[in-house]
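*Asks:* missing the sequence, but the structure's below:
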């Protein structure tokens, strides 16, 4: 039985064949078709690095329909990362290609090496912005909120819940 997956793609290092990060992300989107049918894909966006990474990232998302189970798809995505030249290194560092399963049509998957929805989904504009552009009504099974609602919560200004202590009152 086929399932639909939201896959996040990111790169912030050059590749000898595909060029800069944007070229890597676009090439990886094409390679996803070996794992199923790519139903829709976002445009690639630039985003600031998080953690020790130093270079700007190119990020995108794609909806992949696949017969693979979540663990089998994760193994296939990690193999694809290695085929693009990704080497094990420090977490959050620079990388040629990063592929993550963000959501899937089956709801929640919770195992030692794989958590769906992705634990960082609600705080990552570099995933929510492109995802909202292509599948705004997909829902996070943890919160029940649509991707559009999650993106709005992340980007809208937050009101003060109480007066600051320095207000002079």
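*Replies:* It's in. Small disclaimer: the values here were computed from a predicted structure and weren't measured. Numbering: from 1, shown residues only.
*Asks:* Any stretches of this structure with poor pLDDT?
*Replies:* 51-53, 86-94, 157-169 (pLDDT under 70).
*Asks:* now residue 69: how far from residue 113?
*Replies:* Going from residue 69 to residue 113 by Cβ to Cβ, to the nearest Å gives 13 Å. Yep, even glycine has a C-beta here, placed from its N, CA and C like the rest.
*Asks:* now for the helix or strand hosting residue 115, which elements pack on it?
*Replies:* In this assignment (DSSP states H and E), residue 115 forms part of strand 114-116. When contacts are defined as 3 or more Cβ pairs under 8 Å, 6 or more residues apart in numbering; DSSP states H and E, strand 114-116 sits against helix 70-83, strand 98-104, strand 109-111.
*Asks:* The next helix or strand after that strand to strand 98-104, inter-axis angle?
*Replies:* Next helix or strand after strand 114-116 toward the C-terminus (DSSP H and E): helix 125-134. Interaxial angle, helix 125-134 versus strand 98-104 (axes from the mean of the first three to the mean of the last three Cα atoms, to 10 degrees): 50 degrees.
*Asks:* Show me which residues of helix 125-134 are buried.
*Replies:* 125-134 (16 or more other Cβ atoms under 10 Å).
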